[in-house]
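> Give me a model of this one.
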Amino acid sequence: MTKVLFLCVHNSARSQMAEAFLKKLGGGRFAAESAGLEPGQLNAHVVRVMAEAGIDISGNPTKSVHDLFDARKVFQVVVTVCSKEAAERCPIFPGLSERLHWPFPDPSTFSGSDDEIMPRVRRLRDQIEAAVKEFIDNH
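Numbering: from 1, shown residues only. Down below sits the predicted model:
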């Protein structure tokens, strides 16, 4: 089983979506986790769009990548889903065989009314799902 870690800044949106999609679509071939550099609170818009896709992440904790590193967790693949600058702040895990970078926009920066934000978050969700499907096909 391939152990995969998805990382972003707050573990509140992008990495949570990627983890959830890999768990749902990976056919049991992957062990997925997610974490952040500075764990925050789950993004309410993301919780709603994932529920629309039939995935409940509302009870997911946000985790620190440094706690996983300190616990000596080992991952074969680490996927950063944040900016390149933030990704460079992530620790290097021992035994890591592959590091991927998927630079998705941070939904916490989306502004406007709920009716303006939700379509952007849905588009982001669909892009992350497509990236996870492509990852599964290539692994």
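> what comes into contact with the helix or strand hosting Gln16?
Here Gln16 is covered by helix 14-25, with elements defined by DSSP states H and E. For helix 14-25, contacts defined as C-beta atoms under 8 Å, 6 or more residues apart in numbering pick out 4, 6-8, 30, 32-36, 42, 46, 50, 55, 57, 60, 62, 79, 81-82, 102, 104, 106-107, 124-125, 128-129, 131-133, 135-136. Heads up, the C-betas are built off the backbone N, CA and C, glycines and all.
> Now the element after that helix, going C-ward?
Per DSSP H and E, the first helix or strand lying C-terminal to helix 14-25 is strand 30-36.
> relative orientation of that next one and helix 14-25 in degrees?
Relative orientation of strand 30-36 versus helix 14-25 (axes from the mean of the first three to the mean of the last three C-alpha atoms, to 10 degrees): 170 degrees.
> Can I get strand 30-36 in PDB? Just the C-alpha atoms.
Taking only C-alpha atoms (Å, rounded to 0.1, in the frame of the first residue of the first chain), the coordinates of strand 30-36 have been written out as PDB:
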ATOM      1  CA  PHE A  30      -3.300   4.000  -0.900                       C
ATOM      2  CA  ALA A  31      -3.100   5.200   2.700                       C
ATOM      3  CA  ALA A  32      -3.800   8.900   2.600                       C
ATOM      4  CA  GLU A  33      -3.200  11.600   5.200                       C
ATOM      5  CA  SER A  34      -3.100  15.300   5.100                       C
ATOM      6  CA  ALA A  35      -1.500  18.000   7.200                       C
ATOM      7  CA  GLY A  36      -0.500  21.700   7.200                       C
END
